[in-house]
Structures are given as structure tokens and as C-alpha cells.
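Colleague: Got a sequence here, can you model it:
(chains A and B)
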Amino acid sequence: KQEVTQIPAALSVPEGENLVLNCSFTDSAIYNLQWFRQDPGKGLTSLLLIQSSQREQTSGRLNASLDKSSGRSTLYIAASQPGDSATYLCAVRPVNNAGNMLTFGGGTRLMVKP
Amino acid sequence: DAGVIQSPRHEVTEMGQEVTLRCKPISGHDYLFWYRQTMMRGLELLIYFNNNVPIDDSGMPEDRFSAKMPNASFSTLKIQPSEPRDSAVYFCASSLGGTLVAFFGQGTRLTVV
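Modeller: Numbers count the residues shown, from 1 in each chain, chains lettered A, B, ... in the order given. So this is what the prediction gives:
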């Protein structure tokens, strides 16, 4: 059974810092990995999706990398801003696309202080 | 498109009552998912549909939970009878099989007292 772990569970940084959020998964047979952002009391917003054949994806100040063989992904946030404060979740989809189910990590709660 | 639309946003009900949660997926999406989020267990997949057909309901906690998708633009998740431990935020998500990016609704916060 796939297990997804995110470390740290919570992170507080001053504005302007570059930071890295970590995601690890136990079964490397994944189809893709997706990073989400969740604001308090809100739904999930998709940030980046990395296919299993890719090593990274970039969107603005965000960069996500994937090392499938070691079961790891990182989300790099450059020049953090208070508006980046949210919970960040990673989720993996199994290689059997007929399953098409996402297994989520527990999330990293990020606070960027002005 | 307005995105995935869920209703109601909040629901408070008494134990034993029937609860129905509603979801309108993004037009054209062929997959629909129901998730439940709690502090203790995080996000868990309950059931998903492909082209309106339930594919995997192994995440449904027990027979009190049922889900339907009568057409491509509407799905319901019903709990009957509801119990306090069902209190959670329930999310609906949809995706287009080709891209596989999942889009989530705003969720329904259910409180069973």
C-alpha cells in the first residue's frame, strides 16, 4: 500500500527566504505526482504536476522535482511571501492508470512572517 | 468554467439524520472523486467514478455511505444515518483522463451533533 509522508509537518520562516518542502512515497511505481496548496477552510488548488518521466516542473517562484527511484519529491519556493502561507500537500497517482486515485501526504503547514 | 461546485458549503445535522452532499464537476471531465478530510486521517479517497460509473468504492467507510452519479454533471454523496464521527470536510474533485490534473471543489464542512 502506498504511503506518502511530508516533512516537516509545519514550517515558519521570515519573508524572503527560499525554502524546500519534502515529500516521500514508499512505492516508486507512480504515474505522476501533484503538489497542491490548501488555504484554511478552502479547497485544494493544484500547483504543479510532474509526470513519472519528468524530473522537474516550474511555475513562477515554484519548482517541483521528482526522483522516482528514491521515492522523493521536493517543492522549492523562492523568495517566500506572506501570501504563500498555506498548507502544501503532495499526492501520488499509481502507475495503473485505471486506478487513477491520489494518495495524499499529511501536508506541510507553512507560515511566512512579514 | 466555474470549477468544481459543491453544496452546501456547511452542514450541521443531528445524529441519525440523512445528509446529502452535492457536486457539479467541471464540464467535460470524465472522472469524479469524493474525498474526506479529517485532522486525524488527512485526505482519504472514498469513491470515484469514470464516465458516471462507480469504479472503486473501497474507501467508503461503511454501508451508511452511498454515492451516485446520475449524469455527467452531477453527483451526490449520502450518509444515512449520520454519526458524529462522520464530521469532516468532504471534497469533490474532477479530472480529464488525458491530463490527469485533479481539480477540487471548495468542500462541504459537515458537523454531526
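Colleague: contacts and neighbour counts: CA atoms only from here.
Modeller: OK.
Colleague: what residue is smack in the middle of chain B?
Modeller: When Cα atoms, centre = their mean is applied to chain B, the residue found nearest the centroid is residue B:34 (3.3 Å).
Colleague: What sits closest to that one if chain neighbours are left out?
Modeller: Spatial nearest neighbour of residue B:34, excluding adjacent residues (Cα to Cα, 6 or more residues apart in numbering or on different chains): residue B:92 at 4.6 Å.
Colleague: how much space is there between whichever residue of chain B sits closest to chain A and residue A:59?
Modeller: With Cα to the nearest Cα as the measure, residue B:106 is the residue of chain B nearest to chain A, at 4.1 Å. Per Cα to Cα, to the nearest Å, residue B:106 is found 23 Å from residue A:59.
Colleague: can you give me the helices in chain A?
Modeller: Assigned by DSSP state H, chain A shows no helices.
Colleague: residues from it in reach of chain B?
Modeller: A:34, A:42-46, A:49, A:99, A:101-106 (Cα under 8 Å from any Cα of the partner chain).
Colleague: Now stretch B:41-57: buried residues?
Modeller: For stretch B:41-57, burial by neighbour count (16 or more other Cα atoms under 10 Å in any protein chain shown) applies to B:43-50, B:52-54, B:56-57.
Colleague: what about the residue of chain B closest to chain A, which helix or strand?
Modeller: Under DSSP states H and E, no helix or strand contains residue B:106.
Colleague: Next, the contact list for the residue in chain A positioned nearest to chain B, please.
Modeller: As assessed by Cα to the nearest Cα, chain B sits closest to residue A:43 within chain A, at 4.1 Å. Residues in contact with residue A:43 (Cα atoms under 8 Å, 6 or more residues apart in numbering or on different chains) are B:91, B:104, B:105, B:106, B:107.
Colleague: Could you do residue A:35 as well?
Modeller: A:46, A:47, A:48, A:49, A:75, A:88, A:89, A:90, A:91.
Colleague: Can I get the residues you listed in JSON lines including distance to residue B:2, neighbour count and pLDDT?
Modeller: Shown next, in JSON lines, are the contacts of residue A:35 (distance: Cα to Cα, whole Å; neighbours: other Cα atoms under 10 Å in any protein chain shown; pLDDT from 0 to 100):
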{"residue": "A:46", "distance to residue B:2": "15", "neighbour count": "18", "pLDDT": "91"}
{"residue": "A:47", "distance to residue B:2": "18", "neighbour count": "20", "pLDDT": "95"}
{"residue": "A:48", "distance to residue B:2": "20", "neighbour count": "21", "pLDDT": "94"}
{"residue": "A:49", "distance to residue B:2": "21", "neighbour count": "24", "pLDDT": "92"}
{"residue": "A:75", "distance to residue B:2": "28", "neighbour count": "24", "pLDDT": "97"}
{"residue": "A:88", "distance to residue B:2": "23", "neighbour count": "27", "pLDDT": "97"}
{"residue": "A:89", "distance to residue B:2": "23", "neighbour count": "28", "pLDDT": "96"}
{"residue": "A:90", "distance to residue B:2": "24", "neighbour count": "31", "pLDDT": "96"}
{"residue": "A:91", "distance to residue B:2": "24", "neighbour count": "24", "pLDDT": "93"}
